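Peer 1: generate coordinates for the sequence data below:
(chains A and B)
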Amino acid sequence: MSVCQALLVQVAAIARQRGAAVASITVEIGPLSGVDPAQLLLAFAVMRTGGDSATAVLLIETAAVEVRCLECGAESATLVNRLVCRTCGGFRTRLIAGDELRLRRVELEV
Amino acid sequence: MCQICGCAIPPASLHETIAPPGGRRSVEVFEQLLAENDRVAGHNRTHFDEHGVLAINLMSSPGAGKTALLEATIRALKSRYRIAVIEGDLETDNDARRIRAQGVPAVQITTGTACHLDAAAVHRALHDLPIAGLDLLFIENVGNLVCPASFDLGQHLNVTLLSVTEGDDKPAKYPVIFRASDLVVLSKTDLLGVLDDFQPERAAAALRDLGKGTPMIHTAVRRTPSIAPWLEWLEAELRSRDGVYQYVPAQMAGSVR
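Peer 2: The predicted structure is shown next:
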């Protein structure tokens, strides 16, 4: 709900600045963001009431989890709790996709 | 502008382009959903840095022993370091009273129904603490392995406790919080002898699978107290930050060090 509240505040600022109603909101939620898309949709359905996004649709894009190995440099798509290198088995990796928690796009009625 | 202390928080940075008009106008935004929280967290971190305070966010499921570990830590370190604690709970100030009983300042944040602390709550609490005179600030988050992981409080380090009365697969079940941890403390290890289903090696393997190389240390504070590795880790972190805070101009460095 805190995430949804932050989202609605950000969207309201964009809508008011342009004096337009919000048609749709697109967010990117990675599996490692700590936010569950289904729960965000549920919170949105309740919390949008009466605000600038009251009739807006919430679209959620999720990315796959990908890591880059700090040893061999290989990039691999993997699971949230198996973030080791798929190529060399290296135990130190950097996450390159999967922890997104971003407002990506707002569509306004014109 | 910070409403409480008046310091300047940088304004929001909204990067956007406007797509060609159609039936609807599409505004491309690239802003973190928790940008406002992150901004306040950055502000808290600046406060900590200005005052040379090491801030540690302590997280775990409820009952893993965060407060008990803090009590033991304060007993061991309070003669050498100035310590304070921010306590986060849904209700009661029981934990803050336990900390104050150890003779150090504690501020209780009661979140009501919120399952995590956020940067603004910590910021409000900071104004009730003698931050200028501190070396070490613990922020004991609400007991929860899910939501606290997503909210930066301005801490320098995240520490997550995993008690041996929980499952040894917790790092695999809650990868977000364990991945965000700089240290995992396996707590209540004095109970390992009476538990046949918790294998520390399995917990370590699940943690290793998160690809961060996060260290795990063992602690116990009750039957056979053992927190030496934890204290060593803390003191190493405190020492490693000394250089950052005690700024020495380059031309004087030779004569001072």
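
Peer 1: flag every residue of chain A that's near chain B.
Peer 2: Taking Cβ under 8 Å from any Cβ of the partner chain as the contact definition, chain A meets chain B at A:2-3, A:6-7, A:9-10, A:14, A:18, A:20, A:23-24, A:27, A:32-35, A:67, A:80-85, A:91-93, A:95, A:99, A:101-110. Heads up, the C-betas are built off the backbone N, CA and C, glycines and all.

Peer 1: what separation is there between whatever residue of the stretch 1-150 of chain B ends up closest to chain A and residue B:28?
Peer 2: Distances between the stretch 1-150 of chain B and chain A by Cβ to the nearest Cβ are smallest at residue B:150, namely 3.9 Å. Distance from residue B:150 to residue B:28, counting by Cβ to Cβ, to the nearest Å: 24 Å.

Peer 1: higher neighbour count, these two?
Peer 2: Taking neighbours as other Cβ atoms under 10 Å in any protein chain shown, residue B:150 and residue B:28 compare with residue B:150 leading, 21 against 13.

Peer 1: circling back to that earlier point, out of the residues of chain A next to chain B, which end up buried?
Peer 2: Using 16 or more other Cβ atoms under 10 Å in any protein chain shown as the burial test, the residues of chain A next to chain B include A:2-3, A:6-7, A:10, A:14, A:20, A:23-24, A:27, A:32-35, A:67, A:80-85, A:91, A:93, A:95, A:99, A:101-108 as buried.

Peer 1: return the subset of the residues you listed lying in helices.
Peer 2: Using DSSP state H, the subset of these located in helices is A:2-3, A:6-7, A:10, A:14.

Peer 1: dump the residue contacts of residue B:41.
Peer 2: B:119, B:151-154 (Cβ atoms under 8 Å, 6 or more residues apart in numbering or on different chains).

Peer 1: that one: which element?
Peer 2: Element membership for residue B:41 (DSSP states H and E) is helix B:35-50.

Peer 1: quick one: average pLDDT of whichever helix or strand comes after that helix?
Peer 2: Next helix or strand after helix B:35-50 toward the C-terminus (DSSP H and E): strand B:54-59. Averaged across strand B:54-59, the pLDDT comes to 98.

Peer 1: which helices and strands does the helix or strand just after strand B:54-59 pack with?
Peer 2: Sequence-wise, the next helix or strand downstream of strand B:54-59 (DSSP H and E) is helix B:66-77. The contact analysis (3 or more Cβ pairs under 8 Å, 6 or more residues apart in numbering or on different chains; DSSP states H and E) places helix B:66-77 against strand B:54-59, strand B:83-89, helix B:94-100, strand B:136-140, helix B:228-245.

Peer 1: can you redo these as TSV with mean neighbour count and distance to chain A?
Peer 2: Listed next are those as TSV, based on neighbours: other Cβ atoms under 10 Å in any protein chain shown; distance: least, Cβ to the nearest Cβ, whole Å:
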stretch	mean neighbour count	distance to chain A
strand B:54-59	25	12
strand B:83-89	26	14
helix B:94-100	18	22
strand B:136-140	26	17
helix B:228-245	14	19
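
Peer 1: nearest to residue B:190, out of these?
Peer 2: Comparison of these against residue B:190 by Cβ to Cβ identifies helix B:228-245 as nearest, at 13.7 Å.

Peer 1: how far is the closest one from where the chain is centred?
Peer 2: With Cα atoms, centre = their mean, to the nearest Å as the basis, helix B:228-245 stands 15 Å off its chain's centre.

Peer 1: returning to what we had before: which of the contacts of residue B:41 has the most neighbours?
Peer 2: Counting by other Cβ under 10 Å, top hit in the contacts of residue B:41: residue B:153 with 26 neighbours.

Peer 1: that one: what secondary structure?
Peer 2: Following DSSP: H, G, I helix; E, B strand; the rest coil, residue B:153 is assigned to coil.

Peer 1: and the spatially closest residue to it that is not a sequence neighbour, what's its pLDDT?
Peer 2: If the residues on either side of it in the chain are set aside, residue B:153 comes closest to residue B:122, at 4.7 Å by Cβ to Cβ, 6 or more residues apart in numbering or on different chains. Per-residue pLDDT puts residue B:122 at 97.

Peer 1: test my guess that residue B:122 contacts residue B:47.
Peer 2: No. Assessed by Cβ atoms under 8 Å, residue B:122 is found out of contact with residue B:47, at 9.9 Å.

Peer 1: residues contacting stretch A:51-64, please?
Peer 2: The contact list for stretch A:51-64 (Cβ under 8 Å, 6+ apart) reads A:8, A:11-12, A:15-16, A:21-31, A:37, A:40-41, A:44, A:48, A:77, A:97-98, A:100, A:104.

Peer 1: near chain A, which residues of the stretch 101-250 of chain B?
Peer 2: By Cβ under 8 Å from any Cβ, the part of the stretch 101-250 of chain B that sits against chain A consists of B:114, B:116, B:118, B:146-147, B:149-151, B:171-173, B:175-177, B:179, B:206, B:208-213.
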